[in-house]
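Peer 1: pasting the sequence and the predicted coordinates here, then a few questions.
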Amino acid sequence: MNAQQARALLLAQHDRIREQLDICIRLSHALHAGEAVTPELDAALAELRDEVAVHNRDETAIVAELLHGPAAWGSLMVDRMLEEHVAEHAAFWALLCGSQAEVAERITELADELDAHMAAEERTFLSPLTLRDDVIRTRTRDLR
Ligand SMILES: [Fe+2]
Ligand SMILES: [Fe+2]
């Protein structure tokens, strides 16, 4: 997979997560208003968890592979960044796991935080200026 394909895949996953978050928010509000949407909300939350799990796995693997070139520069910095990134994913994951009532209660806040996380990625390592094969090659060239 080249940088362009990786970028397209991860961005499409972001879009799907955002759409799924919107569905979960809508159903959580309906639940709060007393509507009988328990099965639909359960299914929507399960789908959201699946999408987030797949995305977190792909993103961690792809970013690590792209940033750790044959003679990676700043390998320690990359490791540090990946570590922080994985920790953030784990924090989101913990917020997504819980009873339906708990997750429904915090879904808006969770959606805002997830959106901010994805928007920050889109501005940085998923930016078309960063996630390009030539840029990655230049940065991972052995400069020692
Ligand atoms: Fe991420
Ligand atoms: Fe992401």
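Peer 2: Okay, I see it. Numbering: from 1, shown residues only. Ligands and ions are numbered 1, 2, ... in the order given.
Peer 1: residue 90 is in contact with residue 52, correct?
Peer 2: No: with contacts defined as CB atoms under 8 Å, residue 52 does not count as touching residue 90, sitting 11.3 Å away. Using the backbone N, CA and C atoms, a C-beta is placed for each residue, glycine as well.
Peer 1: who has more neighbours out of the two?
Peer 2: Legend: neighbour count by other CB atoms under 10 Å for residue 52 and residue 90, higher for residue 52 (20 against 11).
Peer 1: and the host helix or strand of that one, what does it pack onto?
Peer 2: Per DSSP states H and E, residue 52 falls inside helix 38-67. In terms of contact count using 3 or more CB pairs under 8 Å, 6 or more residues apart in numbering; DSSP states H and E, helix 38-67 is assigned the packing partners helix 3-32, helix 75-96, helix 100-123, helix 133-139.
Peer 1: now with 7 Å, please.
Peer 2: Counting contacts by 3 or more CB pairs under 7 Å, 6 or more residues apart in numbering; DSSP states H and E, helix 38-67 packs against helix 3-32, helix 75-96, helix 100-123.
Peer 1: kindly reformat those helices as JSON lines containing mean pLDDT.
Peer 2: Compiled in JSON lines, the helices and strands packed on helix 38-67 are given as follows (pLDDT from 0 to 100):
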{"stretch": "helix 3-32", "mean pLDDT": "95"}
{"stretch": "helix 75-96", "mean pLDDT": "86"}
{"stretch": "helix 100-123", "mean pLDDT": "94"}
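Peer 1: may I see these organised as CSV, with distance to residue 46 added?
Peer 2: CSV is the format used below for the helices and strands packed on helix 38-67 (distance: least, CB to CB, whole Å):
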stretch, distance to residue 46
helix 3-32, 10
helix 75-96, 10
helix 100-123, 10
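Peer 1: ligand 2 is nearest to which of those?
Peer 2: In terms of CB to the ion, the element of the helices and strands packed on helix 38-67 nearest to ligand 2 is helix 100-123, at 4.7 Å.
Peer 1: now do the buried residues in stretch 114-134.
Peer 2: For stretch 114-134, burial by neighbour count (16 or more other CB atoms under 10 Å) applies to 114, 117, 118, 121, 125, 126, 131.
Peer 1: check what pLDDT residue 65 gets.
Peer 2: What the model reports as pLDDT for residue 65 is 78.
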